[in-house]
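# Could you work out the structure for the sequence below:
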Amino acid sequence: AVAAKPATKAAKAPAAKPAASKPAAASQPAKAAAAKTAKATSAKPDDLRRLIGIGPVNQRRLKEHGITTFAQIAGWTADDIKRVEEYLQFDGRIERERWVEQAKLLAAGNEKEFARRFPTASGSDNT
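So this is what the prediction gives:
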């Protein structure tokens, strides 16, 4: 039994190393996204329906994925947008409706500039 343990560890070590190195590189964006989500869950959720294009259904679907604040959306990268569009089943809509730009203004508390740039976003009925 003692001899089997070192042999098992030796057999597992080489297999674990290559497998661990590949996902580690791929998991960096996932770790960053998880960190963003962790920050958001500790922050008070925003009414994402203020963004043009987000209604009650999209707000619920975003929340299911841990997206609850303007700051999270404001920090999205191209990869984040692609990932979100996949699970919302959008095709370029986030860019067309300028969610990131809207979210940056609202996250910064810049209500006047938000109202100037997005005058149709007068309330939660802006989808």
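# how about the strands in the protein?
Under the criterion DSSP state E, the chain contains no strands.
# Name the nearest residue to L51, ignoring sequence neighbours.
Distances taken as C-beta to C-beta, 6 or more residues apart in numbering place Q102 nearest to L51, at 4.8 Å, with adjacent residues excluded. Heads up, the C-betas are built off the backbone N, CA and C, glycines and all.
# From A71, how far off is G109?
11 Å (C-beta to C-beta, to the nearest Å).
# Looking at those two, which is more packed in?
Between G109 and A71, counted using other C-beta atoms under 10 Å, A71 has the larger neighbour count: 17 against 9.
# one step back: so who does the residue nearest to L51 touch?
In this structure, Q102 makes contact with R50, L51, I52, I73, F114, R117, F118, A121, judged by C-beta atoms under 8 Å, 6 or more residues apart in numbering.
# Could you give me the PyMOL selection string for whichever of these are buried?
Those of those that count as buried under 16 or more other C-beta atoms under 10 Å are selected in PyMOL with:
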select buried, resi 50+51+73+114+118+121
